[in-house]
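J.: Provided below are the primary sequence and the corresponding predicted coordinates.
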Amino acid sequence: MIFQSIKMAWEAVRSNKMRSFLTMLGIIIGVTALVVLVSLVDGAAGSITSEVENLGNDMVTVSVMDDKGAPLRLEDLSRLSQLEGVGLTSPSGSMTTTAKYLSNEVMVSLNGVIPAYYDIQGLELGQGRFLKTADVDNRSYVAVLAYDAAEELFGEEDVLGKRFTISGRSFQVVGVLAEEESMMSAMRSMMGGVSVYVPFTVESRMAGQPYVTSFCASADGDTSAAENALEQALLKRFQQDSDAFTLVNMSSISQAMDKVTDTLTLMLGCVAAISLLVGGIGIMNIMLVSVTERTREIGIRKAIGAGHRSIMAQFLLEALMLSLMGCMLGLGLSWVILQIFSHVAESITFAMSADVVGLAVGYSSAVGLIFGLYPANKAARKHPIEALRYDG
Amino acid sequence: MSNARRPIIEMKHVSKIYSIGGEEVRALDDASLTICEGEFVAIIGPSGSGKSTLMNIMGCLDVADSGEYLLDGQAIEKYSDDELAKIRNRKIGFVFQSFNLLTRMTAFENVALPLIYQGVGTAERKRRAMESLAKVGLEKRAKHRPAELSGGQQQRVAVARALAAQPSLILADEPTGNLDSRTGDEIMRLFCELNESGITIVLITHSEKVAAQAKRRIRIMDGRVEEVEAE
C-alpha cells in the first residue's frame, strides 16, 4: 500500500514536470541558502578559531592602567609567578619606534621582555638564541628579531651578529625567530610594525618607564585558575579596584568568538529557514491548485473505495516528495557552490557538515508535511458525489 | 422464482429530500424495492426523476434521510464515510456514463486500483486485474492509457475495473450514454454475458431501448418507484 502510494505520488510529480520543478525551486533556494550560509560561517569560524588557538590558549595578558602608587617591578612579577596555578610571567610592554640599518629605516614594535616570554608565547627560533637572564641583568643591547623584521631591516638571511640602531643606540642581533605563516601574525605586523625583542631593562630605560605596565603569564594547568589567582593578587595590590587593570584570557577570546559565530550561524540559519518557509507556502499553493484540478480523480478514487486516509496519504506524500526532491537538489547545488568557494578561498575548505545536511532534510520534510496537510485534508474531505460531478 | 434467491438490495420506505433555493425537492419519496442475486434490473426514468439519487444511495455514495437500506444484509445508514468507502470498494462496481478512468494511468493500472485500496498483494492483484481485462476482451490493451483507447474500449476498461473487486453488484449509470449505438449495443451485450455468468447488474438509464434488454424493469418518476410488468 505504502509503495503504491509512493508510486502514485511520483507519477503525479512526474506528469507535470515544469510545475513540480517551479514548486521545488522555493525549497531548492531555501536549502541552498541554509546549507551554504551555515557552512561558510562554520568554515571561516573554524579557521579563525584555530588561528587564535595558535596564539596560545593557556596565556593570560594583563595591562595595568592605574598603579595606585604601587607600581609593579620585575621582582613583583616573579612573585606573581609563585602563585598557585600560575606558570611563568614576563613583561610584554612594547613601544613603536624606528629601527635603522645603514640608510634603511623600518617601523618596529619594540618589545621589552625577559627569557620566560619565549615559552609563554610559544615562540620558535630560526637561528641564534633568545634573550638570556644575563642580558636582562646587564642591560645588554642585544636583540632578537622576528623573521619579517630581519627581512625588512637587513634584506638578507644571514644577520646574526649584525648591528642596527634604535634612537641612536646600537643593538646586536643575537637571534631570529622562525618564519610564521599565520593570518594573525600578518595582521599584527601590518598594524604595529614588525617585532623586535630586547631585554626589558633596556626597553624600560628607553621608554623612560621603569615599571611593568603590561605582562603576560602562562598557566600551570587550568587557565581560568591562573586568571583567578592573578586577579585576586592584583585586586589586593590595587586597593580592590577592578578598573585599575585589565586581564585578558586567550581562551576567553576564543570563547567570545565561538559565541559570535554561533549567533551568526543562528541568524543566517533563521534567514534561510524563512526562505524555506516561503518555499513551503509555494508547495501549499500548488497542492491546493492540484487538489482542485484533480477533484474528479478524487471522486473516482473515492467511488471505487479510497478512504479518507488513502487520499490524505496520497497528497501528503506528493507534498513530501516535492519538498524532499527540492531538498536533494538544493544539497547538490550547495555542494557545488561550496566546492567553488573552497577553490577560490584556497586556505579555507568549506565542507557540508552532517549536522547541516540533517537539519536541511529534517526541516524540509517538516515544511512539506505541514504545508501539505491542509491541501491533503481538503482533498480527503471532498464528497464523492460532488467530486464526480465536477468538470474542470 | 426471485423468492428462492438471496436479496442483494433491500430498500424500505427510503426518502431523500434536497432543499434548493428554500424549496424542498423530494428526490426520493418513500421508495421501496428489492433486488436479488443474479438479477439484471434496469431503472428507467427521465432526467430529474430522482434516478441519480437512487443510484447514489444504492451505491453508498450518499445516505438516505429516512427509511432503511440493506445492502447484502448490511444496514447502510449506520456507517461512517470511511466504512462506506470500504463497502463501495468490496461490494459495488461502478460503471459511469463518462467512463471516469484515471487518464494518467494505463488500463491495467486503472483496473488494479480498487484492488490496491483493498490491500491485495502485487502478484494476486496482477492476476485478478488481467483476468478482469480478459473478461472484457482487452487483455492486449493493458498497457494503453485511456486516451489511446476508443470510447467503447474505455467503457470496457471501466467494466473490467468494476469486476476486479469481485463485487456483489455492478451499478451502471447510463453506461451507453456517451457511446454510439453500435458500441452501446456491444456494451449491453457484455452486460448480458456478465449477468449470465451470475453477476447482479443494476442499470440506470433514460432509454427504453436500452432498458428493454434487462430482465426486469423499474420505473422511477418524481421520486416514486414502480415495477414495470414484463411484456
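T.: Nice, thanks for sending it over.
J.: show me where chain A has strands.
T.: In chain A, the segments counted as strands under DSSP state E are A:59-64, A:86-91, A:94-101, A:104-113, A:125-128, A:142-145, A:163-166, A:169-177, A:194-199, A:214-219, A:245-249.
J.: mean confidence for the first one?
T.: The one in question is strand A:59-64. In this model, strand A:59-64 has a mean pLDDT of 86.
J.: what angle sits between it and strand A:245-249?
T.: Relative orientation of strand A:59-64 and strand A:245-249, computed by axes from the mean of the first three to the mean of the last three C-alpha atoms, to 10 degrees: 170 degrees.
J.: and strand A:59-64, what other elements does it pack with?
T.: The contact analysis (3 or more C-beta pairs under 8 Å, 6 or more residues apart in numbering or on different chains; DSSP states H and E) places strand A:59-64 against strand A:214-219, helix A:223-237, strand A:245-249, helix A:250-293. (Each C-beta comes from the backbone N, C-alpha and C, glycine too.)
J.: mean neighbour count, the strands of chain A: which tops it?
T.: strand A:142-145 (a mean of 26; mean count of other C-beta atoms under 10 Å in any protein chain shown).
J.: other SSEs contacting the helix ranked longest in chain B?
T.: Determined from DSSP state H, the single longest helix within chain B is helix B:181-196. Using 3+ C-beta pairs under 8 Å, 6+ apart, the elements in contact with helix B:181-196 are strand B:40-44, helix B:151-164, strand B:169-173, strand B:200-205.
J.: in CSV, list these along with mean pLDDT.
T.: Conversion of these to CSV gives the following (pLDDT from 0 to 100):
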stretch, mean pLDDT
strand B:40-44, 93
helix B:151-164, 94
strand B:169-173, 93
strand B:200-205, 93
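J.: among these, which comes closest to A:Leu388?
T.: Ranking those by proximity to A:Leu388 (C-beta to C-beta) places strand B:169-173 first, at 9.8 Å.
J.: ok, that closest one: who's next to it in the sheet?
T.: strand B:92-95 (parallel), strand B:200-205 (parallel) (DSSP bridges).
J.: which one, of those strands, ends up nearest to A:Tyr141?
T.: Using C-beta to C-beta, those put strand B:92-95 closest to A:Tyr141, at 107.3 Å.
J.: tell me the angle the next helix or strand after the closest one makes with helix B:151-164.
T.: For strand B:92-95, the succeeding helix or strand toward the C-terminus, using DSSP states H and E, is helix B:107-118. Orientation check (the same axes, to 10 degrees): helix B:107-118 against helix B:151-164 gives 30 degrees.
J.: okay, now B:Leu169: neighbour count?
T.: 23 (other C-beta atoms under 10 Å in any protein chain shown).
J.: pretty sure it contacts B:Ile8?
T.: Yes. B:Leu169 lies in contact with B:Ile8 (C-beta atoms under 8 Å); the separation is 5.5 Å.
J.: for chain B, which residues are neighbours of chain A?
T.: By the criterion of C-beta under 8 Å from any C-beta of the partner chain, the positions of chain B lying close to chain A are B:56, B:59, B:61-62, B:81-82, B:85-86, B:88-90, B:94, B:96, B:100-102, B:104-105, B:113-114, B:116-119, B:161, B:165.
J.: from the residues you listed, list the buried ones, please.
T.: Applying a neighbour-count criterion of 16 or more other C-beta atoms under 10 Å in any protein chain shown, the buried members of the residues of chain B next to chain A are B:56, B:59, B:61-62, B:81, B:85-86, B:88-90, B:94, B:96, B:100-102, B:104-105, B:113-114, B:116-118, B:161, B:165.
J.: tell me the most buried of the helices and strands packed on strand A:59-64?
T.: strand A:214-219 (a mean of 24).
J.: okay, now the sheet partners of that one, with direction.
T.: With DSSP bridges as the test, strand A:214-219 pairs up with strand A:59-64 (antiparallel), strand A:86-91 (antiparallel).
J.: ok, back up a step: now the strands of chain A as JSON lines including distance to A:Ala225?
T.: Output for the strands of chain A, formatted as JSON lines (distance: least, C-beta to C-beta, whole Å):
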{"stretch": "strand A:59-64", "distance to A:Ala225": "10"}
{"stretch": "strand A:86-91", "distance to A:Ala225": "9"}
{"stretch": "strand A:94-101", "distance to A:Ala225": "27"}
{"stretch": "strand A:104-113", "distance to A:Ala225": "24"}
{"stretch": "strand A:125-128", "distance to A:Ala225": "30"}
{"stretch": "strand A:142-145", "distance to A:Ala225": "31"}
{"stretch": "strand A:163-166", "distance to A:Ala225": "39"}
{"stretch": "strand A:169-177", "distance to A:Ala225": "30"}
{"stretch": "strand A:194-199", "distance to A:Ala225": "28"}
{"stretch": "strand A:214-219", "distance to A:Ala225": "7"}
{"stretch": "strand A:245-249", "distance to A:Ala225": "11"}
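J.: around chain B, pick out the residues from chain A.
T.: Chain A has residues A:1, A:4, A:11-12, A:15, A:296-297, A:299-310, A:384-385, A:388 near chain B, with proximity defined as C-beta under 8 Å from any C-beta.
J.: any idea of the mean pLDDT for stretch B:18-33?
T.: Averaging pLDDT residue by residue across stretch B:18-33 gives 86.
J.: my guess is B:Gln208 meets B:Ile44, correct?
T.: Careful, residue B:208 is Glu and not Gln. Yes. At 6.7 Å, B:Glu208 and B:Ile44 qualify as touching, with contact defined as C-beta under 8 Å.
J.: those two: who's more crowded?
T.: Neighbours per residue, other C-beta under 10 Å: of B:Glu208 and B:Ile44, the larger number sits with B:Ile44, 22 against 12.
J.: so who does the nearest residue to the more buried one once chain neighbours are set aside touch?
T.: In space, B:Ile44 comes closest to B:Ala211 once its chain neighbours are excluded; the distance is 4.6 Å by C-beta to C-beta, 6 or more residues apart in numbering or on different chains. Residues in contact with B:Ala211 (C-beta atoms under 8 Å, 6 or more residues apart in numbering or on different chains) are B:Ala42, B:Ile44, B:Leu203, B:Thr205, B:Arg217.
J.: one more: A:Ala116?
T.: A:Ser81, A:Leu88, A:Thr89, A:Ser90.
J.: if you set the cut-off to 10 Å instead, what comes out?
T.: A:Ala116 sits next to A:77-78, A:81, A:87-91, A:131, A:133, A:215-218 when contact means C-beta atoms under 10 Å, 6 or more residues apart in numbering or on different chains.
J.: returning to what we had before: deepest in the core, which of the strands paired with strand B:169-173 is it.
T.: Among those, highest average neighbours (mean count of other C-beta under 10 Å) belong to strand B:92-95, with a mean of 26.
J.: got the buried residues for stretch A:6-14?
T.: A:Ile6, A:Met8, A:Ala9, A:Ala12, A:Val13.
J.: so how far is chain B from the last one?
T.: Going back to what we said before, that points to A:Val13. 11 Å (C-beta to the nearest C-beta, to the nearest Å).
J.: quick one, what contacts the residue of chain A found nearest chain B?
T.: Residue nearest to chain B within chain A: A:Gly305 (2.3 Å; C-beta to the nearest C-beta). Residues near A:Gly305 by C-beta under 10 Å, 6+ apart: B:60, B:84-92, B:94, B:113-118, B:165, B:167.
J.: what's around the residue nearest to B:Glu68 when sequence neighbours are not counted, how many residues?
T.: Leaving aside its sequence neighbours, B:Glu68 sits nearest to B:Lys12 (C-beta to C-beta, 6+ apart; 4.4 Å). Per other C-beta under 10 Å, the neighbour tally for B:Lys12 reads 14.
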